[in-house]
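In: prediction below, plus the sequence it came from.
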Amino acid sequence: MRQLYIAGNWKMNLVPSQAAKYASELAAAAKDAKVKVMIAPTYVCLPAVVEAVKGSNIIVAAQNVNDHEKGAYTGEISCDMLKDIGVKTVILGHSERRQYYGETNEFINKKVLFALQNGMDIDLCVGETLEEREGGRLEQVLADQINIGLDGVTEEQMAHVTIAYEPVWAIGTGKTATPADANSAHEYIRGLIAKKFGKAVAEKQIIQYGGSVKPSNVKELMACEHIDGALVGGASLTLEQFLPIINC
Ligand code: 13P
C-alpha cells in the first residue's frame, strides 16, 4: 500500500508573516492527518514556516534549488543553505520553471542528481502542454521528462523521489484531467519507472497528481489506482480549502 502524499505548492504567494500564521494553523488542524503532508513556501518564508510547524509531521519543502555546492551564483540558493534551516525536501522541474525560466530536462537532471547526492528528498514534476497532448506526443514528452530527468539516479535513491504528474493545461486553469485520463498517465509513468528501475521500485513509487485539485474533485482523483497524492497550487493557500483536501 502506498501512503497518500498531499503537498501544497504555495508558488509566489504569501509574505513571511502570513505564511507563518497559516502554517501554524495548518499544523494544529492537520495533526491527526492520515496522509503525508508537505508545504512549499517561497525561500524567504522558509525559516518562519519551519519554526511554525516545529513538532508537527508537516514537511517543509523549497520550490527550487541550485545544482552547485556554493560560489558565484548570484540570486541562487544551495542545498546546504536549505538543510541548515531544516529543509530537506525540494520541488524540481515544475512546469512554471520549465516554461518561464527555460529549465530543460537535462538541467533539471543536474539538480535532481545534486540534490539526491546531498541527502535531499525531491518532488520531480512532469507533464505535457495542451499542444503536446493534442499533437499525440503525451507519451514521448513524459518518457523524456522521466528518462532524462532521472538519468543516473540509483534504485536506492528512488526511495527519496516523488513524482508529480501535472498536465500544464490543468494548472491554475480550473480544468482538471478526468480521473481516468490522469490515472492512465500515472500508469504510463509507473511503467517508465518499472523499465528504468525495476518493478519493485515502480510498485512503491509515489506519483502525485497536480492541476486544479480542489476539495470537490480530490476524492475521485485519489480513488484511482495509480494516483498516490496531490500537488496542490491555488487550493493549498487557505486552510478552508487545503484541510478538506488533506482529509480526503
Ligand atoms: P493549481 O492547483 O493552482 O492548478 O496548481 C497546480 C500546481 O502547479 C502545483 O504545483
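Out: Yep, it's here. Numbering: from 1, shown residues only.

In: what pairs with the closest residue to residue 7 other than its chain neighbours across the strands?
Out: Nearest residue to residue 7, sequence neighbours excluded (CB to CB, 6 or more residues apart in numbering): residue 38, at 4.0 Å. To be clear about C-beta, it is placed using only N, CA and C from the backbone, and glycine gets the same treatment. In this structure, residue 38 has the following beta-bridge partners (DSSP bridges): residue 7, residue 59.

In: tell me the residues of the protein that contact the ligand?
Out: Counting by CB under 6 Å from any ligand atom, the chain comes close to the ligand at 9, 94, 166, 171-172, 210-213, 231-235.

In: take the residues you listed and lay them out in JSON lines including pLDDT.
Out: Written out in JSON lines, the entries for the residues of the chain next to the ligand read as follows (pLDDT from 0 to 100):
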{"residue": "9", "pLDDT": "98"}
{"residue": "94", "pLDDT": "98"}
{"residue": "166", "pLDDT": "98"}
{"residue": "171", "pLDDT": "89"}
{"residue": "172", "pLDDT": "85"}
{"residue": "210", "pLDDT": "97"}
{"residue": "211", "pLDDT": "96"}
{"residue": "212", "pLDDT": "94"}
{"residue": "213", "pLDDT": "97"}
{"residue": "231", "pLDDT": "98"}
{"residue": "232", "pLDDT": "98"}
{"residue": "233", "pLDDT": "98"}
{"residue": "234", "pLDDT": "98"}
{"residue": "235", "pLDDT": "98"}
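
In: now, the residues you listed that are in strands?
Out: 9, 210, 231, 232 (DSSP state E).

In: before we move on, what SS does the residue of the chain positioned farthest from its centre have?
Out: Taking CA atoms, centre = their mean, the residue of the chain most remote from its mean C-alpha position is residue 72, at 27.8 Å. Secondary structure, DSSP: H, G, I helix; E, B strand; the rest coil: residue 72 is coil.

In: how close does it sit to the ligand?
Out: The span separating residue 72 from the ligand equals 30 Å under the rule CB to the nearest ligand atom, to the nearest Å.

In: contacts for stretch 171-191, please.
Out: The list of residues contacting stretch 171-191 from outside it, by CB atoms under 8 Å, 6 or more residues apart in numbering, reads 95-96, 126-127, 138-139, 142, 146, 163, 165, 167, 169-170, 202, 205, 207, 209-213, 217, 220-221, 223-227, 233-234.
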